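*Asks:* Here is a sequence together with a model predicted from it:
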Amino acid sequence: MNNVSDSRTEPPAAESIRGEAPHARVPISIERSLGALAMGLICLISFANVVVRYATDVSFAFTEEFSVFLMVIMTFVGASLAFATNENIRIVFLLDRLPPRARLTCEVLAALASFFMFALIVWYGGELTWDEYRFEQTSPGLGYPTWIYTIWLPILGFVILLRILGRLIATIRGRA
C-alpha cells in the first residue's frame with residue numbers, strides 16, 4: 001500500500017488568503033452580510049409559509065415573489081464576493097501549467113471577458129428596469145411594480161463590475 005502524501009501546493013491563481021481580499025478598498029463584509037441577510041429572509045419567509053399552510057391550509061401570497069427576488073440578490077452579492085476574493089469559478093488545470101507571463105495574460109483576458117458579460121447585464125438590466133417603470137408593469141402575485149425587483153440587476157451588476165475591476169488591477173500589479 002502506497003502512503004504518498006499530497007504535496008500539491010496552492011495554485012498560483014489562488015495565492016491570496018482564501019476568503020480575503022487584501023486589495024479591496026470596500027470591505028467584503030458588506031457582501032457577506034447582505035448574502036447572509038438574504039438567505040436568512042428566504043428561510044424565514046419559507047418557514048413561515050410552511051407553518052401557516054400547515055395550520056390553516058392557506059398560503060402567503062408573497063412568499064414566492066419575495067423568495068425569487070431575494071435569491072437573485074443573494075446570487076449577485078455572492079458573485080461580487082467571489083470576484084473580490086478571487087474565488088470565482090474557473091478551470092485552472094491548464095492555467096497552472098503555463099509560464100507566469102502566459103498565466104497573467106489568461107487571468108487578464110478572463111477578467112475582461114467577465115467584465116464585458118456583467119457590463120451587458122448592467123446595460124440590458126437597466127433597459128429592462130426602465131421599460132418596466134415606463135410601462136408601469138406590475139407583478140402577477142402582489143401587483144407591485146416589477147421595476148422594484150429588476151432595478152437590482154443593474155445596481156448589483158455595477159458592483160460586480162467594480163469588484164472585477166479591482167481584481168484586475170490587483171492582478172496586473174501583482175497583488176492578487
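*Replies:* Sure, I can see it.

*Asks:* Excluding chain neighbours, what is closest to the spatially most central residue of the chain?
*Replies:* Closest residue to the average C-alpha location of the chain: residue 79 at 1.8 Å, with Cα atoms, centre = their mean. Among residues not flanking residue 79 along the chain, residue 160 sits closest, at 5.5 Å (Cβ to Cβ, 6 or more residues apart in numbering). Just so you know, the C-beta spots here come from the backbone N, C-alpha and C atoms, and that holds for glycine as well.

*Asks:* Residue 168 too?
*Replies:* residue 111 is the one closest to residue 168 (Cβ to Cβ, 6+ apart), at 4.2 Å.

*Asks:* Quickly find the element holding the one you found.
*Replies:* Element membership for residue 111 (DSSP states H and E) is helix 100-134.

*Asks:* Tell me where this protein has helices.
*Replies:* Shown for the chain, the helices assigned by DSSP state H span residues 29-56, 63-84, 100-134, 147-150, 152-173.

*Asks:* Sort out which residues of stretch 69-89 are buried, please.
*Replies:* 69-70, 72-74, 76-86, 88 (16 or more other Cβ atoms under 10 Å).

*Asks:* Check stretch 134-145 too.
*Replies:* Of the residues in stretch 134-145, none is buried (16+ other Cβ under 10 Å).

*Asks:* Flag the shaky bits of the chain, pLDDT-wise.
*Replies:* Residue ranges of the chain with pLDDT under 70: 1-18, 176.

*Asks:* that older thread, ok, now which ones touch the residue nearest to residue 79?
*Replies:* By Cβ atoms under 8 Å, 6 or more residues apart in numbering, residue 160 lies in contact with 76, 79-80, 83, 118.

*Asks:* Could you do residue 125 as well?
*Replies:* Here residue 125 is in contact with 150, 153-154, 157 (Cβ under 8 Å, 6+ apart).
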